[in-house]
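Chemist: Here's a sequence, model it:
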Amino acid sequence: LFLAGASAGAFLTSAFVEAKYPESVKMRVAGRIIAPIFVGIGLLMLMLDAEAGLHNPLRFFWLISNPGSVMTLGVYFICVFMPVALVSALLEVLDSEQNVKFRDHYVEQPIDLSQVLFIATANTTQTIPGPLLDRMELIEVNSYTENEKFHIARDYLVTKQMGRNGLKESQITFSDKSLEKIIHNYTREAGVRNLERRIGDVCRKAARQFLENDRKSIKITESNLEKYLGKEKITFEDANEEDQVGIVRGLAWTSVGGDTLQIEVNVMPGKGNLLMTGQLGDVMKESAQTALTYVRSVCPEHGIADDYFEKHDLHIHIPEGAVPKDGPSAGITMATAMLSAVTEKPVLAKVAMTGEITLRGRVLPIGGLKEKILAAKMAHITKVLVPDKNRPDIGELSKEITKGLDIVYVRSMVDVAREAFVPAVTE
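Modeler: Just a heads-up that it's a prediction; the model follows:
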C-alpha cells in the first residue's frame, strides 16, 4: 500500500500541476521536483525488500505503449518526465545483462533486478520504441470470437450477474438467441466487459419487475430483449444485394476486432486527377496512388484508350467519413474498385478482399487476418481473397472461423481480377 501510494502520489502530483498551471514554468518545475520524492520513497522501500531477502518478485507495467505515463502495479516506479528518459530507464531495467546492478538516479544505490519478472501490457506495439520492444517477449492476445463470447456469457457472466442482482436460476433464464443478439447488436469490443454490463442491465430490470409485478419467472428471448436494452445499438453492413461497378468490399483491422470497408470509385470528365475522401491516412493515400499507377499500366490490356486518364478524373471514397482510416491492406481493394470503374466491369457482391499492392500488381501479406475473416463472416461474405503469403496464418485459424467461407489465395492483381469480377457471358 505504501509503494502504491508513493507512486500514485508522484503521478498525480505531476499531472495535477501541469493541468492546473499549463503555462507556468515554475509550477511545472516544482511539480516535477516533488514527484521524484515519491519515486525515491518507493525505490527505498524496494531496496528494503531486497535487503529482507525477497526472491522472484513480479512487477507489472500497465500500458507500456504510452511511454509518457507508464505506471507499474505493485509498484516499481513511475516516470513523469520526458518519454526518452523513461525509455532509457526501461532499456536498462529490462536488459538481463545490465539489471544486475541497476542504479537509480535519486537514491543512487545498486539494486539487483535480475530475479524480477516483468510483465507489461500494451494496446499496440506501434508506439513502443524498437530497442525496447526487442527486449520483450511478445505475446499477442487476440479478440474473442462471437462464439467464444457466447460460451463465456452463458457459462459465467449470466450466473455472476444473477447473483449480484439477487436473482435465482429459477427466476430468470436467457435463451441462446438472446445472448447472441446482445453480443452482436448491443456490444462491440475485443473482450467481454460491456457484454457483462448489458447482461447486468437485463438482470436489474428483471429484478425490478419481480418487485413491482410479483412475477414468478422471466425468460429473456430474442423478441423481448428490446424491452430491456432498448433499440439495437450496433448494426453491421451486410454484403451488397447485387453486383455493382466501382464498389468493392475491403477488410480492416480495428482495436475491437475486424470491420468491412465499402470502397467506392466514380469516374467523371476531368484532367486525370485523383480525389480521395473519407479521412484517409497517409499510408492509405499512398496505396491509392500505387493502385492508380497499376491500373493505368494495365489499361491497354482491357481496351482502354491511351488518353483516357487525360480526360477523366477518379474519385475514391470510403464511407463513414468521421472515422480515420489508414494502412496498406486496402491496396488491392482500391485497385479493384478503380479497375472496375474504368472498365465498367461489375464486381461480385459477396466478395471481400485484403492485401497490399505493389506498382507491378503483386499482392503482399498483411496482418490482423483473424479479425478480418471474422468481419467478413459477420457481413455474410461468401468469398474472401487473401495474399498467398498469408496461407500459414489461415492454417492457424479454427474451423469455426473459416466455416462457410471460400478463402482464395492470390499472388497478383491478375488473380484478384479473375476471382472478383463477374464472369463475362459468352454467346
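
Chemist: which residue ranges form the strands in the stretch 51-200 of the chain?
Modeler: Remark: strands assigned in the stretch 51-200 of the chain by DSSP state E, counting those that start in this stretch are 58-62, 71-73, 102-103, 110-111, 117-120, 172-174.

Chemist: Partner strands of the fifth one, with direction?
Modeler: Going back to what we said before, that points to strand 117-120. Paired strands of strand 117-120, with direction, are strand 58-62 (parallel) (DSSP bridges).

Chemist: In the strand it pairs with, which residues are buried?
Modeler: Residues 59, 61-62 are the ones in strand 58-62 that count as buried (16 or more other C-beta atoms under 10 Å). Heads up, the C-betas are built off the backbone N, CA and C, glycines and all.

Chemist: what do you get for stretch 289-308?
Modeler: 290-292, 294-296, 298-299, 304.

Chemist: Same check on stretch 384-401?
Modeler: For stretch 384-401, by 16+ other C-beta under 10 Å, it's 384-388, 390, 393-394, 397, 401.

Chemist: ok, and what's touching that stretch?
Modeler: 145, 147, 251, 332, 351-356, 363-366, 369-370, 372-374, 376-377, 402, 405-411, 415-416, 419-420 (C-beta atoms under 8 Å, 6 or more residues apart in numbering).

Chemist: Try it again at 6 Å.
Modeler: With contact meaning C-beta atoms under 6 Å, 6 or more residues apart in numbering, stretch 384-401 is reached by 147, 352-353, 355, 363, 365, 369-370, 373, 376, 405, 407-411, 416, 419.

Chemist: And those residues, which of them are buried?
Modeler: 352-353, 355, 363, 365, 369-370, 373, 376, 405, 407-408, 410, 416, 419.

Chemist: now, which of the buried residues of stretch 289-308 lie within helices?
Modeler: 290-292, 294-296, 298 (DSSP state H).

Chemist: can I get these in a markdown table with distance to Ile316 and pLDDT?
Modeler: Formatted as a markdown table, these follow (distance: C-beta to C-beta, whole Å; pLDDT from 0 to 100):
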| residue | distance to Ile316 | pLDDT |
| --- | --- | --- |
| Thr290 | 12 | 94 |
| Ala291 | 9 | 93 |
| Leu292 | 9 | 93 |
| Tyr294 | 14 | 94 |
| Val295 | 11 | 93 |
| Arg296 | 14 | 91 |
| Val298 | 17 | 91 |
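
Chemist: and of those, the nearest to Glu189?
Modeler: Glu189 has its nearest neighbour among those in Ala291, at 32.3 Å by C-beta to C-beta.

Chemist: coming back round to it: spatially, which two of the buried residues of stretch 384-401 are the most separated?
Modeler: Greatest spatial distance among the buried residues of stretch 384-401 (C-beta to C-beta): Asp388 and Ile401, at 19.1 Å.

Chemist: Look up phi and psi at Thr402.
Modeler: Main-chain torsions, Thr402, degrees, to the nearest 10: phi -90, psi -10.

Chemist: Look at it and say how many residues are nearby.
Modeler: Other residues within reach of Thr402, judged by other C-beta atoms under 10 Å, total 15.

Chemist: Tell me how far it lies from Leu374.
Modeler: According to C-beta to C-beta, to the nearest Å, Thr402 and Leu374 sit 10 Å apart.

Chemist: Then Phe236?
Modeler: 11 Å.

Chemist: between the two, who's got more neighbours?
Modeler: Leu374 (23 against 13).

Chemist: And that one, how far from Gly200?
Modeler: From Leu374 to Gly200 the distance is 25 Å (C-beta to C-beta).

Chemist: of the buried residues of stretch 289-308, closest to Arg135?
Modeler: When these are compared against Arg135 (criterion: C-beta to C-beta), the nearest one is Thr290, at 34.8 Å.

Chemist: just the helices in the stretch 201-350 of the chain please.
Modeler: Taking DSSP state H, counting those that start in this stretch to define them, one finds helices in the stretch 201-350 of the chain at 225-229, 282-298, 308-311, 331-343.

Chemist: just to revisit the earlier point, among the contacts of stretch 384-401, which lie within helices?
Modeler: Those of the contacts of stretch 384-401 lying in helices (DSSP H): 147, 369-370, 373, 376, 416, 419.

Chemist: Make a markdown table from the residues you listed and add distance to Met276 and pLDDT to it.
Modeler: Shown next, in a markdown table, are those (distance: C-beta to C-beta, whole Å; pLDDT from 0 to 100):
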| residue | distance to Met276 | pLDDT |
| --- | --- | --- |
| Asn147 | 37 | 81 |
| Leu369 | 26 | 87 |
| Lys370 | 29 | 86 |
| Ile373 | 27 | 89 |
| Ala376 | 24 | 89 |
| Val416 | 21 | 93 |
| Glu419 | 26 | 92 |
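
Chemist: Surely Glu419 is in contact with Val408?
Modeler: Yes: look at Glu419 against Val408 with C-beta atoms under 6 Å: they come within range, at 5.2 Å.

Chemist: For Thr290, give its distance to Met413.
Modeler: 11 Å.

Chemist: Which of the buried residues of strand 58-62 lies at the shortest distance from Glu140?
Modeler: Looking across the buried residues of strand 58-62 and measuring by C-beta to C-beta, the closest to Glu140 is Phe61, at 16.6 Å.

Chemist: And for that closest one, nearest residue in space, chain neighbours not counted?
Modeler: Ala120 (3.7 Å; C-beta to C-beta, 6 or more residues apart in numbering).

Chemist: cool, Ser412 as well?
Modeler: Gly361 (5.1 Å).

Chemist: What number of residues are in the vicinity of that neighbour?
Modeler: 22.

Chemist: Kindly report the same for Glu97.
Modeler: Neighbours of Glu97 (other C-beta under 10 Å): 7.

Chemist: Tell me where the model's unsure across the stretch 51-200 of the chain.
Modeler: The model of the stretch 51-200 of the chain has pLDDT under 70 over residues 51-55, 65-87, 104-107.
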